[in-house]
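[1] Here you go, sequence then predicted model.
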Amino acid sequence: MRIIVDDRERRSGIVRLLEDAECSIHVQRLLYGDYLIDGKLVVERKTANDLVISILDGRLFKQMRELKKIRWRVVLIIEGDPYQTGHGIKPKAVRGALTSVSAVWQVPVIYSSSTQDTASLLQFLADQVKLKKGVLPLRGSCRPKRLRNRQLFILQGLPGVGARVALKLLLHFKSVAGVFSAGIEELMKVDGVGNVRARQIREVLEMEVKKAEGGRLKTEG
């Protein structure tokens with residue numbers, strides 16, 4: 001998992017900590033954020049002091065506006081206690097700004113106690129991105145365009161089938177048709193599909209539908 005680090009972050013000491021942890025690091029100038037994980041997740045890091053100053057000069061929300069324009073997911077890491085900076089800013093103002101970042105700009109806020117903690121958080125985020133690679137939930141408002149994502153989208157509509165199980169089903173049966181034609185015993189051979197879930201899947205696939213009065217549809221059983 002590769003982490004691209006903005007060259008201005010060198011003086012923070014985090015680059016050295018990540019290298020000591022044998023992370024794959026590349027340092028260059030980034031247009032957005034301070035860290036780019038696997039080309040998918042942008043991390044903006046602010047010390048408590050930097051955060052408070054950015055609130056006071058109005059820079060914080062301008063940054064959030066710019067970050068929300070990019071195609072990657074964004075996370076804000078706050079290093080240190082933003083309520084204890086000595087700048088004389090009221091705690092209510094800090095809390096309001098952070099609430100706005102999370103609720104209005106929809107940028108998750110993660111707190112770090114030190115540079116070492118930040119380095120650990122970056123490693124954890126990288127691990128999570130790697131773990132989720134290829135098995136992101138596709139339901140909701142998403143309408144996937146790629147063929148495999150369309151297949152996973154269909155399978156995630158089955159009872160008890162989330163992103164991980166959908167991928168396992170597709171890899172095991174090779175196609176959506178293969179999943180749909182599989183019996184209970186065959187379905188149970190897939191890790192994560194027990195007897196109850198397999199029966200629920202078959203029940204949904206086999207349920208007959210007929211027209212009721214008024215042209216509406218109703219299920220049998």
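    Good, I have the coordinates.

[2] you'd agree V43 is in a helix?
    No. Read with DSSP: H, G, I helix; E, B strand; the rest coil, V43 is strand and lies in no helix.

[3] Where does pLDDT dip in the chain?
    1, 131-145, 209-221 (pLDDT under 70).

[4] Check it for its longest helix and report it.
    helix 115-132 (DSSP state H).

[5] And the contacts of that one?
    Under the contact criterion C-beta atoms under 8 Å, 6 or more residues apart in numbering, helix 115-132 has outside partners 1, 3, 12-14, 17-18, 21, 23, 35, 37-38, 40-41, 43, 45, 75, 77, 79, 110, 112. Where C-beta positions appear, they are placed from N, C-alpha and C, glycine not excepted.

[6] export the next helix or strand after it as PDB, just CAs?
    Remark: after helix 115-132, the chain's next helix or strand is helix 147-155, criterion DSSP states H and E. Provided in PDB are the C-alpha atoms of helix 147-155 (Å, rounded to 0.1, in the frame of the first residue of the first chain):
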ATOM      1  CA  LEU A 147     -19.500  -5.100 -15.300                       C
ATOM      2  CA  ARG A 148     -18.100  -6.700 -12.100                       C
ATOM      3  CA  ASN A 149     -19.500  -3.900 -10.000                       C
ATOM      4  CA  ARG A 150     -22.900  -4.400 -11.700                       C
ATOM      5  CA  GLN A 151     -22.700  -8.100 -10.800                       C
ATOM      6  CA  LEU A 152     -21.800  -7.300  -7.100                       C
ATOM      7  CA  PHE A 153     -24.600  -4.700  -7.000                       C
ATOM      8  CA  ILE A 154     -27.100  -7.400  -8.000                       C
ATOM      9  CA  LEU A 155     -25.800  -9.900  -5.400                       C
END
